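J.: give me a 3D structure for the following:
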Amino acid sequence: MSGSPRAPAAPVGFGVIPEGLVDPGDRTRGPLPPPLDEILNKVTEVSNTLQTKVRLLDEVHGLALGHEAHLQQLREAPPSPLTSLALLEEYVDHRLHQLWGSLLDGFEQKLQGIQSECDLRVQEVRRQCEEGQAASRRLHQSLDGRELALRRELSQLGTRLQGLSMAGRGSCCSQLALIGARVDSLERTLQTVTQRGPGAPAGDELTRLSAAMLEGGVDGLLEGLETLNGTEGGVRGCCLRLEMGGWGMGRFRTVLEERVQSLEERLATLAGELNHDSTPPGRSVRPLVQTELAVLEQRLVSLETSCTPSTTSAILDNLVAEVKAWQSRSEALLRQVASHAALLQQLNGTVTEVQGQLAEGTGSSLQGEITLLKVNLNSVSKSLTGLSDSVSQYSDAFLAANTSLDERERKVEAEVHAIQEQVSSQSSRLQAGHRQVLNLRGELEQLKAGVAKVAGGLSRCQDTAQELQLAVGHFDQRVAQVEGACRRLGLLAAGLDSLPTKALMPREGLWGHVDQLNRTLAQHTQDIARLRDDLLDCRAQLAEQARPGQAD
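T.: Model prediction:
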């Protein structure tokens, strides 16, 4: 169809019909032509065939006009987005804008929901923090109240210590002087006993050393020990003029043990000399003295253990520091006592000698002193127990407060971690949405490529329609040529009808022209069939091209 219409294989023409009668001699020269009836029948058949072909040509012309009208409608119709890249891009941009709007609306709604939930959680956490702060304030107030009460107790204790110091300030030095006087008296008595030598008078003299004398000496020593270790305020007030020094029960106990051992040795020596006069049979003085000394040592150890500061609370730090300061000051008193210790060492031998013989008399006094020490130790232990109980209560309160604060902090940290996990999940969802948008962009790019392909196909279809239009024009020309030939044949038939019968005798040239006419008609029939097939193919292509456009 794309080519130009072909010309008939052979031109249609007729031979020259001779005029006049047929010469009989001519019949012998060649075959006779067919009769006129046969020729007329042939012409009738040819005319019928031509009429049929004309009808077919009319149908083809109508189809061509219909296709031309359809093509005109397609040309006059508004352009489709699929036929223009600019319109297609505008359409795709519009759809992308709508898609972005919907996605952003969804994200904004989700973010608003998350923000409202986070606000609620923050308000709840803030409320819990405020409750925790209120509880901490209440706890601090209660601790402040307890601290004030403890400070009042400490102030009362300081007042008592000051009272004790004021009470003992005037008696400390006098007690030391009394102790020195009693030791001197004991020394003189022991010297008198030792100068007299062994015998009954010595035994009588030992008997005259009553329990009151030994009780006074030992009582003075124990009272000095209690004054120095239990009431350090009196020592401070009495001996502030001395230099700073250290004082402790352990050191005084060591000195006292040495002196007692020295007295014990001297008493043992004196008891060995006077054993046959002053000691009854079966009775020993040394074991009794050792027993009393062991009991005294145990009581001193218990007193030292009870009076040692062992608390670790921060509340007693100030009191411990003050006590240490006064202990450093008591070092000066220790040096003063050391000067008196030299005198006591001189009397150790005498006391040791006398102690063996007067153990029975001093037992009751030692027992009373031990009882007094027990009472003092009980009072000190009770005060320390109360103080340790109050400190333990304060420590328990602090531990409870710290535990509650730790629990609140753990809860807040857990809630913050949960909020962070929600934010990370939302960010992962946003990333997934972004990936979906990128996938949609890829699909839109593929759609653009497909639309470009469809536009190329439509352009090719337009080219095919134009070629078909040209072919239809050529076909119209061919039809016009055939119509002209038919008119000429009609004129020829009319001329043949007007001829006489004799003039229509067979001629070889006439039949040749008729055969040529038949061949030409057959060729035209083939061309018409080919044109019909081409029209059907074009119609099918147009239908296929129109179907994807309607689907899009």
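
J.: pLDDT value on G224, please?
T.: G224 carries a pLDDT value of 48.

J.: how near is G113 to V122?
T.: To V122, G113 is 15 Å away according to C-beta to C-beta, to the nearest Å. No exception for glycine: its C-beta is placed from N, CA and C like everyone else's.

J.: what comes up buried for stretch 407-417?
T.: R408 (16 or more other C-beta atoms under 10 Å).

J.: domain map for the chain?
T.: 24-86+440-551, 149-303+319-369 (automatic domain parsing).

J.: least reliable of those going by mean pLDDT?
T.: domain 149-303+319-369 (a mean of 54).

J.: and the longest helix for the protein?
T.: helix 359-498 (DSSP state H).

J.: which SSE is immediately downstream of that one?
T.: Proceeding N to C from helix 359-498, the next assigned helix or strand is helix 508-551, under DSSP states H and E.

J.: packing partners of that following helix?
T.: Applying 3 or more C-beta pairs under 8 Å, 6 or more residues apart in numbering; DSSP states H and E, one finds that helix 508-551 makes contact with helix 36-76, helix 359-498.

J.: angle of it against helix 36-76?
T.: Taking axes from the mean of the first three to the mean of the last three C-alpha atoms, to 10 degrees, one finds helix 508-551 and helix 36-76 inclined to each other by 20 degrees.

J.: average pLDDT across stretch 416-436?
T.: 76.

J.: and stretch 385-394, by the same measure?
T.: Rounded to a whole number, the mean pLDDT of stretch 385-394 is 68.

J.: L536 is nearest to which of the helices and strands packed on helix 508-551?
T.: Proximity to L536 (C-beta to C-beta) singles out helix 36-76 among the helices and strands packed on helix 508-551, at 9.3 Å.

J.: that closest one - contacts with which helices or strands?
T.: The contact analysis (3+ C-beta pairs under 8 Å, 6+ apart) places helix 36-76 against helix 359-498, helix 508-551.

J.: what angle sits between that helix and helix 359-498?
T.: Angle, helix 36-76 to helix 359-498, by the same axes, to 10 degrees: 150 degrees.

J.: for R127, the count of nearby residues, please.
T.: For R127, the tally of surrounding residues (other C-beta atoms under 10 Å) stands at 10.

J.: so it, which state does it fall into?
T.: In three-state terms, and counting by DSSP: H, G, I helix; E, B strand; the rest coil, R127 is helix.

J.: okay, it: pLDDT?
T.: 86.

J.: which one of the helices and strands packed on helix 508-551 lies closest to L542?
T.: Of all the helices and strands packed on helix 508-551, helix 359-498 comes closest under C-beta to C-beta, at 6.7 Å.

J.: on contacts alone, who are the packing partners of the closest one?
T.: Partner elements for helix 359-498 (3+ C-beta pairs under 8 Å, 6+ apart): helix 36-76, helix 85-196, helix 211-230, helix 286-307, helix 508-551.

J.: rerun at 10 Å
T.: helix 36-76, helix 85-196, helix 211-230, helix 286-307, helix 317-357, helix 508-551 (3 or more C-beta pairs under 10 Å, 6 or more residues apart in numbering; DSSP states H and E).

J.: circling back to that earlier point, to Q133, which of the helices and strands packed on helix 508-551 lies closest?
T.: Shortest distance between Q133 and the helices and strands packed on helix 508-551, using C-beta to C-beta, is found for helix 359-498: 9.6 Å.

J.: skipping adjacent residues, who's closest to L56 in space?
T.: In space, and not counting its chain neighbours, L56 is closest to I528: 5.8 Å by C-beta to C-beta, 6 or more residues apart in numbering.

J.: my read: the one you found touches R478, true?
T.: Yes. Using C-beta atoms under 10 Å, I528 is in contact with R478, at 8.8 Å.

J.: tell me, what's touching the two both at once?
T.: By C-beta atoms under 10 Å, 6 or more residues apart in numbering, I528 and R478 have these common neighbours: L57.

J.: wait, S142 touches Q393, no?
T.: No. Applying C-beta under 10 Å as the test, S142 and Q393 come out as separate, 11.1 Å apart.

J.: coming back round to it: with distance to T44 added, can I get the helices and strands packed on helix 36-76 in CSV?
T.: Converted to CSV, these look like this (distance: least, C-beta to C-beta, whole Å):
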stretch, distance to T44
helix 359-498, 9
helix 508-551, 12
